[in-house]
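Enquirer: Any chance you can model this:
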Amino acid sequence: MPVQNYITGSRAVEIEASVEAAIRDGRLSPGAGLPTIRGCAEALGVSPATVSSAYRSLRERGLVVARGRRGTAVSPLPPLPPPRAPRPPDHVRNLAEGNPDPALLPPLGPALRRLDPPPRLYGEDLVLPELLDLERRLFRADGVPSEHVTIVSGALDGIERALLAHLRPGDRVAVEDPAFVAVRALLAALGLVEVPVPIDDSGLRPDALADVLADGVSALIVTPRAQNPTGAALDARRVRELRRVLAAAPDLLVIEDDHAGPVAGVPAATLCRGREHWSVVRSHSKALGPDTRVAALSGDAETIARIEGRQLIGMRWVSHVLQRLVVELWSQRGTRARLARAEAAYTRRRGALIDALAGRGIAAHGRSGLNVWIPVREESVMVAGLLERGWAVAAGERFRIASPPAIRVTTVGLDPHGARDLANDVADLLRPAARTYPV
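Expert: Okay, here's the model as predicted:
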């Protein structure tokens with residue numbers, strides 16, 4: 001596509017805005033290459049320094065990435081609202097979205113009826129004392145230090161604030177591969193460089209992490225359980241192995257994303273005890289409902305102080321109405337039993353699909369959480385084939401960095417009968433005769 005079709009302007013800010021508009025409108029797709037600095041400058045009649053400044057700003061905002069000798073390209077996950085994807089037809093079972101089962105969430109009505117919070121004014125405590133006490137008890141019960149705890153607006157908000165407390169654009173961050181799509185997009189938006197670390201069913205591979213640390217990174221983001229998309233979860237042996245590896249990097253910032261919390265399906269684990277800079281963020285979204293928008297973040301004194309200081313400049317605090325709602329939900333009679341039933345239901349549904357696939361000779365991953373990760377030869381063929389048979393699943397491409405192809409299936413709405421049907425369809429599509437692309 002000629003430069004004039006999507007890059008315009010005579011100043012750096014105008015060139016930057018035209019590229020952003022082209023990405024937002026879909027004229028430049030993720031991964032598309034941009035013209036060289038010299039070629040763009042000649043086409044627009046400006047100096048190379050002007051184009052270089054525009055490209056640098058786009059990189060710092062995560063819209064484009066440098067590819068060495070291959071030039072500059074649109075980021076695979078540019079931080080712009082994507083076009084609204086069409087919902088699957090009514091006859092298709094939607095197993096592509098990672099939502100909890102609404103039927104397993106505690107009812108909000110009784111808790112809302114009990115709420116009569118007093119007006120909260122500027123200058124009051126950031127965190128409701130009752131919620132702070134609750135979060136500290138929950139962290140301590142799982143062996144997570146809880147001397148310094150604050151409240152953020154969800155797990156991703158906590159991850160972002162912990163990163164901003166210590167890192168600057170251009171810093172390298174180790175992430176699981178495959179990784180949660182939103183984490184990858186967040187790193188790109190902050191101008192941070194993702195460094196993939198391969199994982200298995202027990203989480204980060206110690207040998208791979210050691211190699212990455214030797215090359216130099218500033219932070220590590222790890223999911224201790226219910227890893228999205230693979231369901232990986234740390235066990236006691238892996239925790240010991242990883243702590244030995246991390247001991248060689250005492251200055252490394254370690255951020256744990258315990259987004260599923262009490263419905264993850266396996267006990268909590270942490271790598272953070274004894275470290276200098278760390279944070280553990282635990283969201284209530286999977287257990288109590290995404291709209292609560294409340295997560296607790298425990299960390300070292302310096303990290304928490306920086307996060308709370310930045311909150312005072314911007315959002316100031318997470319709504320005390322939502323904080324009080326979380327306290328009420330946890331105080332409701334039967335809430336803990338309901339969460340235990342939800343955890344057991346998610347475990348059964350996830351296990352049913354893994355067992356059904358194993359019965360057809362298909363290896364899949366899903367040790368915890370709400371998803372199953374199924375390695376495949378061709379993601380597009382599998383996603384299209386399953387859609388024709390009435391299943392909507394997520395292609396693994398957006399999650400993967402260097403790991404091989406796979407699909408993600410969210411199992412929260414899948415009963416054993418449905419698991420058998422889906423496994424049969426996956427097996428049919430994996431057979432060589434089912435391939436619809438040239439060989």
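Enquirer: Would you tell me what the next helix or strand after the helix or strand hosting Thr150 is?
Expert: Per DSSP states H and E, Thr150 falls inside strand 149-152. Reading on from strand 149-152 to the C-terminus, the next helix or strand found by DSSP H and E is helix 155-166.
Enquirer: how about that next one as CSV, C-alpha atoms only?
Expert: Presented in CSV, the C-alpha positions along helix 155-166 are these (Å, rounded to 0.1, in the frame of the first residue of the first chain):
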residue,chain,number,x,y,z
ALA,A,155,-5.9,-7.9,38.4
LEU,A,156,-4.7,-6.1,35.3
ASP,A,157,-4.8,-2.8,37.0
GLY,A,158,-2.7,-4.2,39.8
ILE,A,159,-0.1,-5.6,37.3
GLU,A,160,0.1,-2.3,35.5
ARG,A,161,0.6,-0.3,38.7
ALA,A,162,3.3,-2.7,39.9
LEU,A,163,5.1,-2.4,36.6
LEU,A,164,4.9,1.4,36.6
ALA,A,165,6.2,1.6,40.1
HIS,A,166,9.6,0.2,39.0
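Enquirer: one step back: and the strand holding Thr150, what other elements does it pack with?
Expert: In terms of contacts (3 or more Cβ pairs under 8 Å, 6 or more residues apart in numbering; DSSP states H and E), strand 149-152 is packed against helix 129-141, strand 295-299, helix 301-313. The way it works is simple: take the backbone N, C-alpha and C, and place the C-beta from them, glycine included.
Enquirer: Looking at the second one now, give me its mean pLDDT.
Expert: Per-residue pLDDT values over strand 295-299 give a mean of 96.
Enquirer: With the first one instead?
Expert: The pLDDT scores in helix 129-141 average 95.
Enquirer: what's in contact with that helix?
Expert: Outside helix 129-141, the residues that touch it by Cβ atoms under 8 Å, 6 or more residues apart in numbering are 145-146, 149, 151, 280, 282, 294, 296, 298, 323-324, 326-327, 330.
Enquirer: So in the chain, where's the weakest helix or strand by average pLDDT?
Expert: strand 64-66 (a mean of 84; mean pLDDT, DSSP states H and E).
Enquirer: tell me which residues in that one are buried?
Expert: Neighbour counts over strand 64-66 (16 or more other Cβ atoms under 10 Å) mark 64-65 as buried.
Enquirer: Show me how far it is from its chain's centre.
Expert: Mean-position distance between strand 64-66 and its chain equals 21 Å (Cα atoms, centre = their mean, to the nearest Å).
Enquirer: Parallel or antiparallel, which strands does that strand pair with?
Expert: Each strand paired with strand 64-66, and its direction, by DSSP bridges: strand 72-74 (antiparallel).
Enquirer: Where does Val173 fall, secondary structure wise?
Expert: Assigned by DSSP H and E, Val173 falls in strand 172-177.
Enquirer: any idea of the mean pLDDT for that strand?
Expert: Strand 172-177 carries an average pLDDT of 97.
Enquirer: Sheet partners, orientation included, of it?
Expert: Sheet pairing of strand 172-177 (DSSP bridges) gives strand 193-200 (parallel), strand 219-222 (parallel).
Enquirer: chain center to the last one, what's the gap?
Expert: The chain centroid and the centroid of strand 219-222 are separated by 12 Å, computed with Cα atoms, centre = their mean.
Enquirer: Fine by me, we can end here.
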